[in-house]
Structures are given as C-alpha cells and as structure tokens.
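Novice: need the 3D shape of this:
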Amino acid sequence: MDVSYLSLKNKVALVTGGSRGIGKAIALAFADAGADIVVSSRKLPALEEVAGEITAMGRRALPVAANGRHPEDLRQLIETVKEEFGRLDILVNNAATNPVMAPMIEIEETAFDVIMNTNLKGYFLLAQMAANLMIEQGKGGSILNISSLNGFTPDKGLGVYSISKAAINMLTRALALELGEYDIRVNGLAPGVIKTRFSQARWDNEEFSAQDMARTPLQRFAEPEEVARMALSMVSETASYITGQILLIDGGRSI
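Specialist: This is a model prediction of the structure:
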C-alpha cells in the first residue's frame, strides 16, 4: 500500500497547545511524517521538552511561548515562524481552555470571556494570520481546528465551552468557503473524551465515566495518538479534496 500521501516532508507545521495531550501527540505525529514543527503554548519549559523529542527524530523544532488570548503574542508567533522557517504550510489550532464547570446561569462574565477569547477569538486571529502568510507564499496550505463533540452535543456544566466549540465548527466552514480559491483547506476534528489531563476530571471520575460508557458504542475513551493519526490524514495529501468538514472522533457516542 502506498502511504506516500501521508508524508509531510519539506512542510512546516505550527501546533498550538503543543506542550501536552492532543497537541503534543499531533506535533510528534507530524514530525514522524517528515515535517518541521513549531510548538506553542503559554509555558516554555514544557514546550522545550517536546521540541527535544522532535529534534531527536531528526526534524527541526522551535518552541515558542504564546498566549492565545493575547493578539500581540499571536502576531509575534507568526512573525517568528516566518523569520525562522521562511514559510508555513500547516496550522493546527488546538490551544483551548475551560476554567470552570458550572451551570450556565452561574457562569461569571470573566469566565465567559476567557473561554471565548481563547477557544474562538484566538483560533480566528491565528487562522487569519496564518492564511495571509499562506496566501503570500502562493502555495496553498492546510488549517486544522480542533473542536469537540461538545460543539455538537452539549453537556451539563460545559455550556459555554460547548458554545465556543460550536462556533469553531462554523468558523471552520466559513474559512473553508473563503480560502478555497487560494488552495488552502480548512477542516476540523471534534474529539469526544480523550485520555488527557485536560479531560481527566471526566474520564477519571467513576460516575462520569460510567455515564460516558453507557453512551459510547466502542466502550472506551480514546488516546491522544488516535486523534493525531487522523490529524495527519486531514492535513496531508490523503485529504487533498476535503475542506470545510468537521470529523467526529468520539467512539460513536454521537450516534
């Protein structure tokens, strides 16, 4: 079987939220497929560890600390990518937050703003900046937004988070519509519960876990690497005629 369509040789990829969990798994999968990687999140030490793993694989790696809620950080991130690599072929918008689990009638405005500014505004601004760089290069590109099952089906206590992820789904489709003429594909992945620290409060809780398993045909939670493999497929030539799609990775829970 020819797997050359999965190759990312000579590509440069930027992965936000790349210090752990899904973002780290995606960064490592892309490096294994031949890409040079820029990993970004708020804290540099953890990023440097990931960068070390990538360089040990024989690829270039650049860790850059940036806060997705700060537009100036995002502008500097794109400028750094351009200065260090001269190009950007792939953006994975993955950095996300959910600082509070509570009924929507109890959510404070400050928490709402933190969630929306990180999960939606940050995605929009970075996609906008990356797309302009890709257009300037004139060689197309791929943007992958990490959404969530909650963007389709809300859970109690995760209402604002769910709203932000539903908005990411529409952001993905709207960008795909406008960027297609530049040969820039925009897609999304919508994971269910993945065994990461971000979602540990859910998969490591006996009551919540039992509820999830009762609704999940595959009867297990996914590992970050399972999302990473699909991410690789979506940004590679394997998916060269796919854009504007949000693929659920939820073990069938959404059925």
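
Novice: work out for me the element the closest residue to residue 244 other than its chain neighbours sits within.
Specialist: Nearest residue to residue 244, sequence neighbours excluded (CB to CB, 6 or more residues apart in numbering): residue 176, at 3.4 Å. Every residue, glycine included, has its C-beta placed from N, CA and C. Secondary structure assignment for residue 176, by DSSP states H and E: helix 159-179.

Novice: next, the buried residues of the helix or strand following that helix.
Specialist: Where DSSP H and E defines the elements, the next helix or strand beyond helix 159-179 is strand 184-191. Neighbour counts over strand 184-191 (16 or more other CB atoms under 10 Å) mark 184, 185, 186, 187, 188, 189, 190, 191 as buried.

Novice: for residue 42, state which of the residues you listed is nearest.
Specialist: Using CB to CB, residue 191 is the member of the buried residues of strand 184-191 that sits closest to residue 42, with 21.0 Å.

Novice: for the residue lying closest to the closest one once chain neighbours are set aside, give me its contacts.
Specialist: Leaving aside its chain neighbours, residue 191 sits nearest to residue 249 (4.7 Å; criterion: CB to CB, 6+ apart). With contact taken as CB atoms under 8 Å, 6 or more residues apart in numbering, residue 249 is in contact with 189, 190, 191, 192, 222, 226, 227, 230.

Novice: need phi/psi at residue 249.
Specialist: When read as degrees, to the nearest 10, the backbone of residue 249 gives phi -120, psi 80.

Novice: in the chain, which spans are strands?
Specialist: Using DSSP state E, the strands of the chain run over 12-16, 36-41, 61-65, 90-93, 141-146, 184-191, 246-249.

Novice: grab the most central residue of the chain for me.
Specialist: For the chain, the residue sitting closest to the mean C-alpha position, by CA atoms, centre = their mean, is residue 94 at 2.6 Å.

Novice: hang on, isn't it packed against residue 13?
Specialist: No: using CB atoms under 8 Å, residue 94 is not in contact with residue 13, being 11.3 Å away.
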